[in-house]
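Trainee: only geometry, no sequence info:
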């Protein structure tokens, strides 16, 4: 899979130039990496589809082809076990993976979540309004942008981050819960959603010391532990939150329909799969 000299948005890469062509460029816009093989028929079928999509993107995204037979190291490092495998890089990280042949519409929708759009300009203006203290005007501008471009996930994401800033957690969570599936699967939206599920349970009137004092007298007060988990997450003390969730699972795994296991998975998503705390507490979630 060689580079197309007539297309600056379609490149090839190997271990030597991967950082510059993929990781560095992904801070400017999405980079779709196609792990492929020149000997695989399915790869030959997918390549023109990808090239067509990138051409339509008009410089807002890159396609980088990596021949797994020529560079096994990159394939191994990124867990590629079959071709074609697509990995989308954004801001230096893999934000999505797809395996096998992909329909054109599916790839377009995936890239659309990360490419700059006209509505992003309206979003930037709205954020400026918010910073100037024009909160209501900012919210109105974002709502109008959503109406014009409902496929841009950065619009509801930013809206909900502003609501979170104002501690309007329930409103923000309601917005996220109303999003279509193709937005709900966006990594940043998923993380914000998972964070807000703890924030809505946070009660500032019940301070941490009083919750801990009650638990010292009644270790089986599971609802109190749940409140303490929320306090820990809001203060970003994730180790303490996971410890409380582990205690709930040990005492009553079925509490509130398996609350602790679900909450633990949400914290795993916030922290990232390779975080030391995730590796430590993974055994509690099957």
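Mentor: Okay, I see it. Because the structure is a prediction, the values reported are computed rather than measured.
Trainee: For the protein, which residue occupies the most central location?
Mentor: Residue closest to the mean C-alpha point of the chain, counted by Cα atoms, centre = their mean, is residue 187 at 1.3 Å.
Trainee: residues contacting that residue?
Mentor: For residue 187, the contacting residues are 95, 96, by Cβ atoms under 8 Å, 6 or more residues apart in numbering. Yep, even glycine has a C-beta here, placed from its N, CA and C like the rest.
Trainee: Show me which residues of the lowest-mean-pLDDT helix or strand in the chain are buried.
Mentor: The weakest-scoring helix or strand in the chain, judged by mean pLDDT, DSSP states H and E, is helix 181-184 (a mean of 88). Applying a neighbour-count criterion of 16 or more other Cβ atoms under 10 Å, one finds residue 183 buried in helix 181-184.
Trainee: Quick one: list the elements packing against it.
Mentor: Packing partners of helix 181-184 (3 or more Cβ pairs under 8 Å, 6 or more residues apart in numbering; DSSP states H and E): helix 187-199.
Trainee: which parts of whichever helix or strand comes after the helix it packs on are buried?
Mentor: Downstream of helix 187-199, the first helix or strand assigned by DSSP states H and E is helix 208-217. When burial is assessed from 16+ other Cβ under 10 Å, helix 208-217 yields the following buried residues: 211, 214, 215.
Trainee: which one among those gets closest to residue 11?
Mentor: Minimum distance to residue 11 across those is 54.6 Å, recorded for residue 211 (Cβ to Cβ).
Trainee: remind me which residues of the chain are low pLDDT?
Mentor: Within the chain, the segments meeting pLDDT under 70 span 1-6.
Trainee: Can you give me the domain boundaries for it?
Mentor: Domain ranges of the chain: 10-112, 118-181, 208-284, per automatic domain parsing.
Trainee: So what would you say the end-to-end distance of the first one is?
Mentor: With Cα to Cα, to the nearest Å as the measure, domain 10-112 spans 17 Å from end to end.
Trainee: Repeat that for stretch 200-211.
Mentor: Terminal residues of stretch 200-211 are spaced 17 Å apart (Cα to Cα).
Trainee: same check, this time on stretch 16-31
Mentor: One end of stretch 16-31 to the other measures 17 Å (Cα to Cα).
Trainee: Now distance to residue 195 too, for the domains of the chain, in a markdown table please.
Mentor: Below are the domains of the chain laid out as a markdown table (distance: least, Cβ to Cβ, whole Å):
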| stretch | distance to residue 195 |
| --- | --- |
| domain 10-112 | 18 |
| domain 118-181 | 8 |
| domain 208-284 | 6 |
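Trainee: wait, isn't residue 163 in contact with residue 174?
Mentor: No: using Cβ atoms under 8 Å, residue 163 makes no contact with residue 174, being 9.4 Å away.
Trainee: Can you show me the helices along the stretch 51-200 of the chain?
Mentor: 72-77, 104-112, 118-131, 135-148, 154-165, 169-177, 181-184, 187-199 (DSSP state H, counting those that start in this stretch).
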